[in-house]
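Colleague: Got a sequence here, can you build the structure:
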Amino acid sequence: MKNLIRLSVVVLVLFSACLEKNTKTNNEATVDRVEWTEVDSIDVEAFNSDLEPGKLTMDVGVYFPSNFDDSFEKVTLNRMMESLEAAKEIYEPTGVQINLLWVKTGELDPKYFSIQANEVPGIPNTGYTNLYEHSYRNPAKLTEETKEAFESIIEPAPNNDRTIYLVALQDVFYPFLTVSEGRNWMMKTVRTGGLSFPTYSYPGTIPKEHRGVITITNLDRPDRFRRTIAHEIGHKAINVSHEYKDISPQHEVYAEGGLMVYGQGEEILPGEEGRWHVERLQLSPFLYLMDEKGTKDWNPDYEENGHYYDPIYGEYVIHFEGVPPIDEDW
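Modeller: Down below sits the predicted model:
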């Protein structure tokens, strides 16, 4: 009887192992990697001709699918490159330069042309904490479809987690909770023009090798064309939301002056008055110093998955109060 029980246990263990292996194989088989090729018409060497050794640098790669729907015209490769050129100018005063690794094109599975970035959140911010503290406690989580899309698009490389990837897509939707009336919340979805998937929103929930992804879906509007890529890189590398000077961050903030609010501004300011944006940028794990021989000395990585108050930032943080979204007499 004991031998029969042991045999049954062994069979069950072997069956479970086979099932797990087959499931993994089947899941892997559903994600086909894009066969990317470099775009010959883009002169990467000319783009990088002004790079200086010994200056803080970020690596950027561009993925532009070749098989978008014919009616999609919100993003073109020329606009993407012009917006990236503008980003170089915007970041130059901070002492940070952009190194373009390559620009690639290829056929992307059309099911990934439009994605929902993250799962619908379950816990709204009731004002007891600020936006960054709330995001740390209740981080955003990628949808399974978005994980698959990133797996299909991003090529495995030694510095995946240090590289910023600009990925053109047709639509990226971002769901969030907002007050409807009284003490009731409802889910809204915004159609993004660019989404940076910053670590202050996704601490520990985004695969490390994909944490550099930025999606670009609209460079058509003249009022935001020049600064869109610079703004999204700011979310990624400065690791802040929409904020400026005495304006604490929220999902949407319209103001003039700063790169990190909605408007025409391009300022990235240092010091506490500038919410430490220059200092935080210069500490970003996406930056490195390169010597004359081409050796890259990367900044230290995040210690706690990159939330806003990650220890790498030290004193370069702002402690601000949360704002109750409803009447406190509810």
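Colleague: From now on I want contacts and neighbour counts done on CA atoms only, so please keep to that.
Modeller: Fine.
Colleague: what's the spacing between Leu142 and Phe197?
Modeller: Shown here: Leu142 relative to Phe197, a distance of 9 Å by Cα to Cα, to the nearest Å.
Colleague: out of the two, which sits in the more crowded spot?
Modeller: Neighbour totals were compared for Leu142 and Phe197, and Phe197 leads with 25 against 19 (other Cα atoms under 10 Å).
Colleague: was I right about that one contacting Pro207?
Modeller: No: when contacts are counted by Cα atoms under 8 Å, Phe197 is not listed as touching Pro207 (11.1 Å).
Colleague: okay, stretch 119-137 in CSV with CA atoms only?
Modeller: Once non-C-alpha atoms are left out, stretch 119-137 reads as follows in CSV (Å, rounded to 0.1, in the frame of the first residue of the first chain):
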residue,chain,number,x,y,z
GLU,A,119,-4.8,46.7,-15.5
VAL,A,120,-7.7,48.8,-14.2
PRO,A,121,-6.6,49.9,-10.7
GLY,A,122,-8.6,48.8,-7.7
ILE,A,123,-7.7,51.4,-5.0
PRO,A,124,-8.2,55.1,-5.7
ASN,A,125,-6.2,57.7,-3.9
THR,A,126,-8.3,59.2,-1.2
GLY,A,127,-5.8,61.9,-0.2
TYR,A,128,-4.2,60.4,2.9
THR,A,129,-1.0,60.0,0.9
ASN,A,130,0.4,61.9,-2.1
LEU,A,131,0.4,60.5,-5.6
TYR,A,132,3.9,59.0,-5.3
GLU,A,133,3.3,57.4,-1.9
HIS,A,134,0.0,56.0,-3.3
SER,A,135,1.7,54.6,-6.4
TYR,A,136,4.3,52.9,-4.2
ARG,A,137,1.6,51.2,-2.1
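Colleague: List the buried residues of it.
Modeller: The neighbour-count check on stretch 119-137 (16 or more other Cα atoms under 10 Å) flags Val120, Pro124, Asn125, Thr126, Thr129, Asn130, Leu131, Tyr132, Glu133, His134, Ser135, Tyr136 as buried.
Colleague: Now render the residues you listed as CSV, adding secondary structure.
Modeller: Converted to CSV, the buried residues of stretch 119-137 look like this (DSSP: H, G, I helix; E, B strand; the rest coil):
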residue, secondary structure
Val120, coil
Pro124, coil
Asn125, coil
Thr126, coil
Thr129, coil
Asn130, coil
Leu131, helix
Tyr132, helix
Glu133, helix
His134, helix
Ser135, helix
Tyr136, helix
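Colleague: Distance to Arg211 and pLDDT added to those, as JSON lines?
Modeller: What follows is those, written out as JSON lines (distance: Cα to Cα, whole Å; pLDDT from 0 to 100):
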{"residue": "Val120", "distance to Arg211": "20", "pLDDT": "95"}
{"residue": "Pro124", "distance to Arg211": "24", "pLDDT": "94"}
{"residue": "Asn125", "distance to Arg211": "24", "pLDDT": "93"}
{"residue": "Thr126", "distance to Arg211": "28", "pLDDT": "93"}
{"residue": "Thr129", "distance to Arg211": "25", "pLDDT": "96"}
{"residue": "Asn130", "distance to Arg211": "23", "pLDDT": "96"}
{"residue": "Leu131", "distance to Arg211": "20", "pLDDT": "95"}
{"residue": "Tyr132", "distance to Arg211": "18", "pLDDT": "97"}
{"residue": "Glu133", "distance to Arg211": "20", "pLDDT": "97"}
{"residue": "His134", "distance to Arg211": "20", "pLDDT": "96"}
{"residue": "Ser135", "distance to Arg211": "16", "pLDDT": "96"}
{"residue": "Tyr136", "distance to Arg211": "16", "pLDDT": "97"}
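Colleague: give the contact list for the closest residue to Asn299 other than its chain neighbours.
Modeller: Nearest residue to Asn299, sequence neighbours excluded (Cα to Cα, 6 or more residues apart in numbering): Pro285, at 5.1 Å. When contacts are counted by Cα atoms under 8 Å, 6 or more residues apart in numbering, Pro285 touches Arg162, Ala237, Trp298, Asn299, Pro300, Asp301, Tyr302.
Colleague: Please identify which of the residues you listed is nearest to Ser180.
Modeller: Nearest to Ser180 among those is Ala237, at 33.0 Å by Cα to Cα.
Colleague: I figured that closest one hits Ser284, correct?
Modeller: Yes: between Ala237 and Ser284 a contact is recorded at 5.6 Å, counting by Cα under 8 Å.
Colleague: got the contact list for Ser66?
Modeller: Ser66 neighbours (Cα under 8 Å, 6+ apart): Thr105, Gly106, Glu107, Leu108.
Colleague: One more: Met290?
Modeller: Per Cα under 8 Å, 6+ apart, neighbours of Met290: Pro53, Gly54, Lys55, Leu56, Thr57, Lys296, Asp297.
Colleague: quick one: secondary structure of the spatially closest residue to the third one that is not a sequence neighbour?
Modeller: Once flanking residues are discounted, Lys55 sits nearest to Leu289: 5.7 Å by Cα to Cα, 6+ apart. Following three-state DSSP, we place Leu289 in the strand state.
Colleague: Would you map the helices across the stretch 101-250 of the chain?
Modeller: Along the stretch 101-250 of the chain, counting by DSSP state H, counting those that start in this stretch, helices occupy 131-137, 144-153, 222-225, 228-237.
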